[in-house]
Every structure is written in structure tokens, then in C-alpha cells.
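Student: here is my input; please provide its structure:
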Amino acid sequence: MSWLTTPAHARWLEAEGDRLLAFGRASRHPDGGFAWLDETGAPELDRPVELWITCRMTHVYALGHLMGRPDCGTLADHGVAALRERFHDRVHGGWYAKVGPDGPTTTDKTAYEHAFVVLAGASAAAAGRPGGAELLDDALGVLLEHFWDDEFGMVVEQWDESFTTLDGYRGVNANMHTVEALLAAADVLDDASLRERAQRIVTRVVHDLARGNQWRIPEHFDTTWTPDLEYNVDEPAHPFRPYGATIGHWLEWARLALHLRAGLGASAPEWLLEDARSLFDASVREGWAVDGADGFVYTVDWSGTPVVRERMHWVAAESTATAAALHAATGEAAYADWYTTWWQHVADCFLDTEHGSWRHELSPRNTPSSVTWAGKPDTYHAFQATLIPRLPLAPTLAAALRDGLLP
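Tutor: Down below sits the predicted model:
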């Protein structure tokens, strides 16, 4: 029996989401933003505060507020205030990726983090939090003015502080989260033009690059969007730019294609569902339990051979969410079966019932590891995994909660 459609499992998901919200409260940084949490859930206040963590936690607590959880609105406001003040570059616009007691510790402006500012703004705006709508408007303006490359229908990666010098690297990871952010903003603002930009990115990455490369998505490119397949071959376990193809991203792209398809409605091209199926199948074929133990390997090379075999919590979370999304789109029992299998794996291996949240990384034998990730920096992937199975594919999370679509 699949758990996916049972009320009892929905209650379990709700309880797990509440457990994650409780764990993350400790990340509230006294100087603004949200701190990195260690394995026990203690905030590491001596390290710079990361923009991506602050955005993700602002998003999570805006969702928590929309679900009627006490104190979540206050925590979302704390995040919005940091994004409008502590992280914001008042001179040149945009946001710094890391800040410390004396200001920014790095001054480059990066698309990955800016996509999350849009997501945080969209969720805060949907939740009606003070400054949320203004943050969303500002973030979209920066993203579309400085990062959107209309020639290629993608976002560029990294500017200097003044948006004068553009780095030559182009990356798919930032574009993936830009799709997520654009879809969220499109729903919150009722702006179809943002969904059209998301469709351009998905078309290039999924329908062109993935389909043309046996569904192994190239991650790293030069200025003309020519793949650099040997990028970071000497640093294969990089947390954001690993060598090779990243299994978890195939699952995320599949899910985002389904959200886009649902948002487009009758105008959605047929290939969105077909390609989502193919990405899912490839992730199972080349990523799941391919080395003698359950779990998804982190990366594979261009022949499909595992490179980094550690298991990441975010991949496990995305696997359950994508299986749920495909079941919602097709009604096919096989996806519900995978959903059950993977939540059981999460419960067996990733849930930390002693210290809270999920273990962020496991070894190839599913024991705690820290090759790529130390600590438990945020709850974004795990919390979303508790919501996606309980909501429709469109609108996206914050808009769906705002509209009362959570059963």
C-alpha cells in the first residue's frame, strides 16, 4: 500500500513539518538573518551569515505563517528585515552573499543567491508580511535587469559589486533555482511573463541539454553556453559546483517541469511531462542504490558511473517530492510506490530523532558523513518535502497556502 493518499500519512507529514519548524527557530541570528546550525542544532554565530540560508529560512517561516504556526510570522519578518537592510547593497543594488559583524565578507553578486531573494520575497509577500511585497519587487528588478540574458533565455552567474564586470562562468544550478523563484513570483503577482521566462530556461536545460545528453544534465558552461564537462574534476564533491552530473538536480528539474506544466495549463507543451518522466527514470537508473546500499549517489560521470557516492539529504527530500508530483500528474501507482520507498529511506537513515532535523549527509553505507556538508544549515528541502505531497502542482507553495488549498 502506498502512503501517498492516506490521511494518516498526511498527518505524519504535518508533524514532521512542525518538527522542522521547531528545529530551525534556533537559527535566528541576533545580528540579523539566519545562522548556520551545527549537527546538534546550535547556531554557529562566529561564521559569516549566508544569504542563501537567510532567504531559504525566510521562505520556510513565511510558509509556516501561512499554515497558522505561531511565531513563524515573526521569524519571517526577521528574515525580511535582514534582506532589506543587512544584506542589501544600498549603493549598487542587489545583495551580498555573506555578511559578518563588520559588513560583507564577499562583494560579488551571484545569481544563485539572488534567485532565493526572489523566492523569499514572493513567500513573504504571499504571507502579507511587512516589507515582503517591496522585497519581491526589488529582487525581481535586480534579477531581470542584471542576471537575465535574453539572448540565451538563461541567467548569468556572477557580477562584481557594482554590476560592472561579469564573470565568464555560467551554471545550471542558479538557473534551476531561478525557475523555482520565477514560478513562485508569477503565482504571487499573477504575472504570466515570469512563467514564460521560466519556460525558456526549462526548455533549454531539460528539453535540449538533458534530452540531448542521455538525461545527464551538464552543469557548467562558458559564456556561449558551451558545456565544460571537466569543470571541477579535481574538486568532485563541491557543494554547489561538483564535477559531473548531479542526480538530485535531475529530480528537481523533473518536478519544476511539472509545476510549470500545471501553471501553463492548456498551453503547456506535451514534452514537459514526457521529459519529467525521463529525468525521473534516469535518476532511479543511475542514482538509486547503484552501489550496494539504498540511497542516491551525489554525482555520476558522463558514462553514468558514480563519482561522489555520499548521500545528501536534499536529494532524498527531492526524490519524495518528485515522486509525489509525478503521481499527481499521472495517477500511476509506480510513482506512489517509489514515494513510499523513499520516505521509508528518509525515516530509516536521515531523520535525526536525537538532535532534530535531518542528517544532511551520509556515507555510502548510510552512516553520518561530512565530505561536502557539515552541520544542518537549513530546513528548506526537507520542509518543502512535507508540503508538496499535500498541495496541488499549481499554484506554487506560498500562493497555494495563501489561497487555502492545503487540505
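Student: ok, residue 375 - contacts?
Tutor: Residue 375 is in contact with 36-39, 44, 360, counting by Cβ atoms under 8 Å, 6 or more residues apart in numbering. Glycine gets a C-beta too; all of them are placed from N, C-alpha and C.
Student: could you find the closest non-adjacent residue to it?
Tutor: residue 38 (4.5 Å; Cβ to Cβ, 6 or more residues apart in numbering).
Student: so the one you found sits against residue 376, correct?
Tutor: Yes - between residue 38 and residue 376 there is a contact under Cβ atoms under 8 Å: 7.2 Å.
Student: the more surrounded of these two?
Tutor: For residue 38 versus residue 376, the count of surrounding residues by other Cβ atoms under 10 Å is larger for residue 376: 26 against 15.
Student: and the more buried one, backbone torsions?
Tutor: Dihedral pair for residue 376: phi -130, psi 80, per degrees, to the nearest 10.
Student: check what pLDDT it gets.
Tutor: Predicted confidence (pLDDT) for residue 376: 98.
Student: number of residues surrounding residue 61?
Tutor: Considering only other Cβ under 10 Å, residue 61 is surrounded by 34 other residues.
Student: roughly how far apart are it and residue 360?
Tutor: Separation of residue 61 from residue 360 (Cβ to Cβ, to the nearest Å): 19 Å.
Student: just residue 29 next, same as before
Tutor: 19 Å.
Student: quick one: which of these two has more around it?
Tutor: The residue with more neighbours, out of residue 29 and residue 360, is residue 360; 25 against 21, by other Cβ under 10 Å.
Student: close enough to count as contact, that one and residue 368?
Tutor: No - applying Cβ under 8 Å as the test, residue 360 and residue 368 come out as separate, 9.2 Å apart.
Student: now do the contacts for residue 57.
Tutor: The contact partners of residue 57, taken as Cβ under 8 Å, 6+ apart, are 24, 27, 34, 75, 79, 378-380.
Student: got it, and residue 399?
Tutor: By Cβ under 8 Å, 6+ apart, the residues touching residue 399 are 126, 184, 187-188.
Student: can you give me the helices for the stretch 201-350 of the chain?
Tutor: Along the stretch 201-350 of the chain, counting by DSSP state H, counting those that start in this stretch, helices occupy 247-264, 271-287, 313-330, 333-345.
Student: make CSV from the ones you listed and add mean pLDDT, distance to residue 155 and mean neighbour count to it.
Tutor: Shown next, in CSV, are these (pLDDT from 0 to 100; distance: least, Cβ to Cβ, whole Å; neighbours: other Cβ atoms under 10 Å):
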stretch, mean pLDDT, distance to residue 155, mean neighbour count
helix 247-264, 98, 14, 26
helix 271-287, 98, 20, 20
helix 313-330, 98, 21, 25
helix 333-345, 98, 30, 19
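Student: quick one: closest of the ones you listed to residue 20.
Tutor: Residue 20 lies closest, by Cβ to Cβ, to one member of the helices of the stretch 201-350 of the chain: helix 313-330, at 10.5 Å.
Student: which elements pack onto the closest one?
Tutor: Contacting helix 313-330 under the criterion 3 or more Cβ pairs under 8 Å, 6 or more residues apart in numbering; DSSP states H and E are the following elements: helix 247-264, helix 271-287, helix 333-345, helix 380-387.
Student: quick check: buried residues in stretch 222-234?
Tutor: For stretch 222-234, burial by neighbour count (16 or more other Cβ atoms under 10 Å) applies to 225, 227, 229, 231-232.
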